[in-house]
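J.: Sequence first, then the predicted structure:
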Amino acid sequence: MIKSFYNYYISSERDLAKKLKAVLGFVPENMRLFKLAFFHRSMNNNETELRSYNNERLEYLGDAVLSTIVAEYLYKKYPGKDEGFLTKMRSKIVKRKTLNAVADRMGLDLVLGKYTQGKLSKSMLGNAFEALVGALYIEYGYDKTRDYIISKVLMRLLDMHELERSDDNYKSQLLEWSQKEGKQISYRTLSKFKHDKRDRFRVGVFLEGQEISVAEDYNKKSAEQIASSLALKSLNIKNLNRE
């Protein structure tokens, strides 16, 4: 409590502390850890000694912790549902598009924008959210992190009923169609290049060796999803996975 008071009113990081209070509802004690959760690698300016100072390790940890929390939450929320349903629901929650939306609703851009160079993308918001979960886990442990994520995120910022009905895993739909039709679908990374100091991927979808759609994004999986969506439209394929 005393440390949080110091961070909010006295420390050199009090501006960050106030932003975190607005976003999280409380002031963390370990400000350096939570600052790191928002520190994008674009801030390193290619200096060798700073290249490892970014939120990617926390993002890796947060991804694993979040997946476990969501799995436990769904297991308890849906006692009558089978493994297939639970797996699909977890995938819908932890996928990049959902996490990007969650981070946006939380207002993480208010913090992330300070520690990012170049244009702020949606995927960067989702990555920062995972890094934030990693920071919460390190500072408060699993139980408190789980309770926070469930009460402040899963129950407030997500519509579970809508997630049950929706299916925007376009790559999965396209591959399911190809299996039913006996067609061969493949994905190729056409190019990888730098944009706003970040990697950007250009991905193509090929049907029987013929290119049918192309898309690009800062995340390869996201680019594949966009390209798959375009492919479904070009082939006039309706949603195969309505629940």
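T.: Happy to help now that I have it.
J.: Pull out the buried positions in stretch 173-182.
T.: Gln173, Leu174, Trp177, Ser178 (16 or more other CB atoms under 10 Å). All C-beta spots, glycine's among them, are computed from the backbone N, C-alpha and C.
J.: same question but for stretch 199-208, I mixed them up
T.: Arg200, Phe201, Arg202, Val203, Gly204, Val205, Leu207.
J.: Take these and write them to CSV, including secondary structure, pLDDT and distance to Gly113.
T.: Converted to CSV, these look like this (DSSP: H, G, I helix; E, B strand; the rest coil; pLDDT from 0 to 100; distance: CB to CB, whole Å):
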residue, secondary structure, pLDDT, distance to Gly113
Arg200, strand, 91, 20
Phe201, strand, 95, 23
Arg202, strand, 96, 26
Val203, strand, 97, 28
Gly204, strand, 97, 32
Val205, strand, 97, 33
Leu207, strand, 97, 40
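J.: gap between stretch 165-173 and the chain center?
T.: 17 Å (CA atoms, centre = their mean, to the nearest Å).
J.: what does the domain assignment say about the chain?
T.: 2-165, 170-234 (automatic domain parsing).
J.: Check which helices and strands the top helix by length along the chain sits against.
T.: For the chain, the longest helix by residue count, based on DSSP state H, is helix 122-149. When contacts are defined as 3 or more CB pairs under 8 Å, 6 or more residues apart in numbering; DSSP states H and E, helix 122-149 sits against helix 31-37, helix 56-77, helix 96-106, helix 109-112.
J.: ok, back up a step: dump the buried residues of stretch 199-208 into CSV; add distance to Ala37 as well.
T.: Output for those, formatted as CSV (distance: CB to CB, whole Å):
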residue, distance to Ala37
Arg200, 23
Phe201, 24
Arg202, 29
Val203, 29
Gly204, 34
Val205, 34
Leu207, 41
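J.: Any regions of this structure where pLDDT drops low?
T.: 44-51, 239-243 (pLDDT under 70).
J.: Now with 80, please.
T.: 1, 42-52, 118-119, 167-168, 196-198, 238-243 (pLDDT under 80).
J.: Please tell me how far Glu139 sits from Phe129.
T.: 16 Å (CB to CB, to the nearest Å).
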